[in-house]
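S.K.: Below is the structure, and that's it, no one-letter string:
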């Protein structure tokens with residue numbers, strides 16, 4: 001991995017006896033900071049994206065979405081959520097967003113890229129559902145299946161570990177009854193059925209209760225802006241870039257109603273027509289093309 005060496009040198013006042021062009025440096029106070037620069041990747045690197053038979057690494061987020069000038073990516077260790085999200089496959093070009101039924105989304109001016117991920121044939125994978133899908137797909141594909149669990153709106157926690165052991169959750173007031181099922185197992189096809197069950201009984205309200213609030217200054221890939229309610233909305237932070245002064249920019253992605261392809265949002269206030277949201281430009285609210293979030297609505301999986 002390429003690395004950039006940043007040298008921070010405190011400047012001292014020149015001594016009266018020295019020429020004014022000379023500068024004294026306190027060597028003990030010199031700090032060295034190593035900043036990782038995440039390079040573009042070759043097509044020889046393979047990633048586990050089980051919903052696609054094949055895809056080109058050249059058409060993934062990290063290779064398609066240009067960084068803002070002076071910014072770099074951090075926390076890109078292979079195996080973590082940020083690394084996985086940055087390698088999500090994108091559709092070629094900037095096509096229209098399609099609905100679950102094959103029709104087109106009515107509003108087509110809010111997205112910069114479309115994520116190459118199936119929606120399903122039912123009106124289920126909407127905003128909160130798509131964020132849960134990404135989280136669960138990451139865990140499933142990285143041998144962390146026992147960490148997959150979501151809350152129903154009634155408060156019950158539904159674990160994939162029970163599902164894959166051959167049990168099926170039947171919603172009950174404030175909980176679920178687990179009954180035997182010969183159809184549930186650890187296969188990817190069964191996992192997709194588990195997610196449909198989650199989509200049926202969870203939403204922005206349950207998601208907002210399941211996540212923990214975090215300060216927007218600490219934003220990282222995988223965080224979610226979530227407004228729980230009816231109506232409510234949720235968008236996921238797919239990527240974060242930072243400059244040498246510590247300022248951050250981030251990318252947002254959403255599904256919406258009706259269920260539709262997940263897409264990376266444009267920043268409606270960015271004059272450069274860039275999808276990056278600049279933390280320095282955000283006041284009390286974050287304006288996205290189809291929803292306005294309070295800056296305090298940033299949340300994270302606990």
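M.R.: Good, I have the coordinates. Please read all numbers here as calculations on a predicted model, not as lab measurements.
S.K.: Would you mark the buried spots in stretch 195-215?
M.R.: Across stretch 195-215, burial judged by 16 or more other C-beta atoms under 10 Å covers 195, 197-199, 201-208, 210-211, 214. (Each C-beta comes from the backbone N, C-alpha and C, glycine too.)
S.K.: Would you mind pulling the contact partners of that stretch?
M.R.: Residues outside stretch 195-215 that contact it (C-beta atoms under 8 Å, 6 or more residues apart in numbering) are 120, 122, 124-129, 131-133, 136, 150-155, 158, 169, 171, 223-224, 226-230, 232-234, 296-302.
S.K.: Show the average pLDDT along that stretch.
M.R.: Averaged over stretch 195-215, pLDDT sits at 97.
S.K.: Okay, now it: how far is its last residue from its first?
M.R.: For stretch 195-215, the first-to-last residue distance is 29 Å (C-alpha to C-alpha, to the nearest Å).
S.K.: Pull the distance from that stretch to the chain's centre.
M.R.: Remark: stretch 195-215 is offset 15 Å from the chain centroid, using C-alpha atoms, centre = their mean, to the nearest Å.
S.K.: Likewise for stretch 249-262?
M.R.: 10 Å.
S.K.: The residue nearest to residue 86 when sequence neighbours are not counted and residue 241: what is the separation?
M.R.: For residue 86, ignoring the flanking residues on the chain, the nearest one in space by C-beta to C-beta, 6 or more residues apart in numbering is residue 62 at 4.4 Å. Relative to residue 241, residue 62 is positioned 11 Å away (C-beta to C-beta, to the nearest Å).
S.K.: Then residue 302?
M.R.: Distance from residue 302 to residue 241, by C-beta to C-beta: 25 Å.
S.K.: shaky segments in the chain?
M.R.: Under the criterion pLDDT under 70, the flagged ranges of the chain are 1-47, 271-272.
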